[in-house]
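here is the input, now give the coordinates:
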Amino acid sequence: MCCEQRLLPVHVFPAYDEEVKQIPCVCGYVLKGEDDNELWRNAQGHMREDHPDLAGKVSRADLLAQAEEVPKPTS
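Predicted coordinates:
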């Protein structure tokens, strides 16, 4: 008597475990943050260093409205 083999489904999980927020700057730099607060802090620092004419002129709401969530690599 022969045993019938059953194939179990294979689950493929992407190499990502969560999302990260990012904003591509017009200068080519990509700002990233784990959450809105970190993204805002990173953006403020970037503006102070690379775009001093914008520092203090872009509101948090306007900046965060440009953010997109993208998968964060696990490695």
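
my guess is Q22 contacts E68. True?
Yes. In this structure, Q22 is within contact of E68 by Cβ atoms under 8 Å, at 6.1 Å. Every residue, glycine included, has its C-beta placed from N, CA and C.

so between those two, which is more surrounded?
When Q22 is set against E68 and neighbours are counted by other Cβ atoms under 10 Å, the residue ahead is Q22, at 18 against 10.

chain center to stretch 40-49: distance?
Computed by Cα atoms, centre = their mean, to the nearest Å, the separation of stretch 40-49 from the middle of its chain amounts to 16 Å.

check which residues of it are buried.
Residues of stretch 40-49 classed as buried under the neighbour-count rule (16 or more other Cβ atoms under 10 Å) are W40, N42, A43, Q44, H46, M47.

rounded mean pLDDT for that stretch, please.
Stretch 40-49 shows an average pLDDT of 96 in the prediction.

what residues does it touch?
For stretch 40-49, contacts defined as Cβ atoms under 8 Å, 6 or more residues apart in numbering pick out I23, C25, Y29, L31, K32, G33, L54, A55, V58, R60, L63, L64.

hmm, which of these are the buried ones?
Buried residues within the contacts of stretch 40-49, defined by neighbour count using 16+ other Cβ under 10 Å: I23, L31, K32, G33, L63, L64.

leaving out chain neighbours, which residue sits closest to the fifth one?
Nearest residue to L63, sequence neighbours excluded (Cβ to Cβ, 6 or more residues apart in numbering): A43, at 5.4 Å.

how near is H46 to L64?
Note on H46: its distance to L64, by Cβ to Cβ, to the nearest Å, is 14 Å.
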